[in-house]
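Participant: what follows is a predicted protein model with its sequence.
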Amino acid sequence: MPQTLAAIGLTTGRAPFVEEARTRGELYISQPYDLYSQENHETWRKLYARIRPRWERYANDHFLRGIEALELPADRVPRLADINRRLEPLTGFQAKPVSGYVPGFLFFDCLRRREFPTTITIRPADRMDYLPEPDIFHDTAGHVPMHTEKAFADVLVRFGDCAVTAAEMTAGVQDYGERVRRLTSLMRAMSRFFWFTVEFGLMRGRGPNGICAYGSGLLSSYGELEHAIESVETQRYPLQLEWVINQVAEIDHYQPILFVVDSFDHLFSLVDQFESWMRKGKLFNVAPGLPDIAEGDLRSFLDAADAL
Ligand SMILES: [Fe+2]
């Protein structure tokens, strides 16, 4: 029997449709829904069934309402068109299918336009617990439900504004080495701030000890979601901007330190403060260390500054 495209699936690292698009330099693609294999849908079903009780215990209320509002399916990979039909009227956000990693400035610029770059592949069935790169479960079951909440959606747009400010703040620096050094510091600060909030943020509210999760890296990880809120070894502190932007961000194990905001209005005010610190030139020398700034990310910001 000839192997059909449908049997090949859209599995992370093994999806010719996506890899060919990348080879052609196509970043924004479609979601060829018929290409998902039965195994892909089964992986989604297992991930969803396993984590659902933990969402009810540890997720913030906005996330749980978002899951309902989007009618995220329990038994199969979601269609992004279905998600967008329900999401856009709420906050104007859309999940935008991409072929892989989106360079830093382009990613934040998408957020400004209320588009969320969304991976369409799903992790292999034998790697349910950890995948270094995002997959459709992380993006649509971790991030996108939060985008139904207006205050949180506005925070993402403000992060997008900050990327433009970072480009503006370095565009006029004549010495190329100094320009790169300053931009690297601003990008590192922004990356850490995004990491400890949008990806791994905690918020006061329902849940054990009055703390719940809103960060997508937590909400899409069965193991880390519980660990983040229950483990006595996790340090949890009220978010202080000056700390977060200088805090090394480690990616290959459960986060040993997490930061708690009061509300999304609180988070929004912190992004405002972050931008104002950038404009004052206060963030050109944040602490060195992780994350490393990738060449492609730096290039995307330099190109944006050149285009101003
Ligand atoms: Fe993420």
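Facilitator: Received the coordinates, thanks.

Participant: so who does the most centrally placed residue in the chain touch?
Facilitator: Residue closest to the average C-alpha location in the chain (C-alpha atoms, centre = their mean): residue 199, at 5.5 Å. Residues counted as contacts of residue 199 (C-beta atoms under 8 Å, 6 or more residues apart in numbering) are 215-217. Backbone N, C-alpha and C define where each C-beta goes, glycine included.

Participant: swap the cut-off to 10 Å and go again
Facilitator: Applying C-beta atoms under 10 Å, 6 or more residues apart in numbering to residue 199 gives the contacts 134, 138, 142-143, 191, 215-220, 249, 251, 255.

Participant: not counting its neighbours along the chain, what's nearest it?
Facilitator: residue 217 (4.2 Å; C-beta to C-beta, 6 or more residues apart in numbering).

Participant: report the contact partners of that neighbour.
Facilitator: By C-beta under 10 Å, 6+ apart, the contact set of residue 217 is 134, 138, 142-143, 195, 198-201, 224-225, 228, 251, 255.

Participant: in TSV: these, plus secondary structure and pLDDT.
Facilitator: Below are the contacts of residue 217 laid out as TSV (DSSP: H, G, I helix; E, B strand; the rest coil; pLDDT from 0 to 100):
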residue	secondary structure	pLDDT
134	coil	92
138	helix	97
142	helix	97
143	helix	98
195	helix	97
198	helix	98
199	helix	97
200	coil	97
201	coil	98
224	helix	96
225	helix	97
228	helix	97
251	coil	83
255	coil	94
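
Participant: now, of these, which are buried?
Facilitator: 134, 138, 142-143, 195, 198-201, 224-225, 228, 255 (16 or more other C-beta atoms under 10 Å).

Participant: low-confidence ranges in the stretch 201-308 of the chain?
Facilitator: Of all residues in the stretch 201-308 of the chain, none has pLDDT under 70.

Participant: where do the strands sit along it?
Facilitator: According to DSSP state E, counting those that start in this stretch, the stretch 201-308 of the chain carries its strands in the segments 202-204, 211-213, 235-238, 257-261.

Participant: closest to residue 71 out of the ones you listed?
Facilitator: Across the strands of the stretch 201-308 of the chain, residue 71 has its closest neighbour in strand 211-213 (21.6 Å, C-beta to C-beta).

Participant: who does that closest one touch, helix- and strand-wise?
Facilitator: The contact analysis (3 or more C-beta pairs under 10 Å, 6 or more residues apart in numbering; DSSP states H and E) places strand 211-213 against helix 38-58, helix 61-70, strand 202-204, helix 216-219, helix 222-230, strand 257-261.

Participant: what is the mean pLDDT for the longest one?
Facilitator: This means helix 38-58. Helix 38-58 comes out with an average pLDDT of 97.

Participant: from the buried ones among the contacts of residue 217, which two are the most distant?
Facilitator: With C-beta to C-beta as the measure, no two of the buried ones among the contacts of residue 217 lie farther apart than 134 and 228, at 18.0 Å.

Participant: so which of the contacts of residue 217 is the closest to residue 108?
Facilitator: Ranked by distance to residue 108 (C-beta to C-beta), those are led by residue 198 at 11.1 Å.

Participant: name all residues that make contact with that closest one.
Facilitator: Residues in contact with residue 198 (C-beta under 10 Å, 6+ apart) are 111, 143, 146, 152, 155-156, 159, 214-217, 267.

Participant: that older thread, let's have the strands of the stretch 201-308 of the chain in JSON lines, adding mean neighbour count.
Facilitator: Formatted as JSON lines, the strands of the stretch 201-308 of the chain follow (neighbours: other C-beta atoms under 10 Å):
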{"stretch": "strand 202-204", "mean neighbour count": "23"}
{"stretch": "strand 211-213", "mean neighbour count": "25"}
{"stretch": "strand 235-238", "mean neighbour count": "12"}
{"stretch": "strand 257-261", "mean neighbour count": "20"}
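
Participant: which one of those lies closest to residue 75?
Facilitator: Relative to residue 75, the nearest member of the strands of the stretch 201-308 of the chain by C-beta to C-beta is strand 211-213, separated by 24.1 Å.

Participant: how about the strands of the stretch 201-308 of the chain, which one is nearest residue 72?
Facilitator: When those are compared (using C-beta to C-beta), the closest one is strand 211-213, at 16.8 Å.

Participant: and the contacts of the closest one?
Facilitator: 54-55, 57-64, 142, 200-207, 218-219, 221, 224-226, 228-230, 236, 258, 260.

Participant: at 7 Å instead, please
Facilitator: Identification of contacts with strand 211-213 by C-beta atoms under 7 Å, 6 or more residues apart in numbering yields 58-60, 202-206, 219, 225, 228-229, 236, 260.
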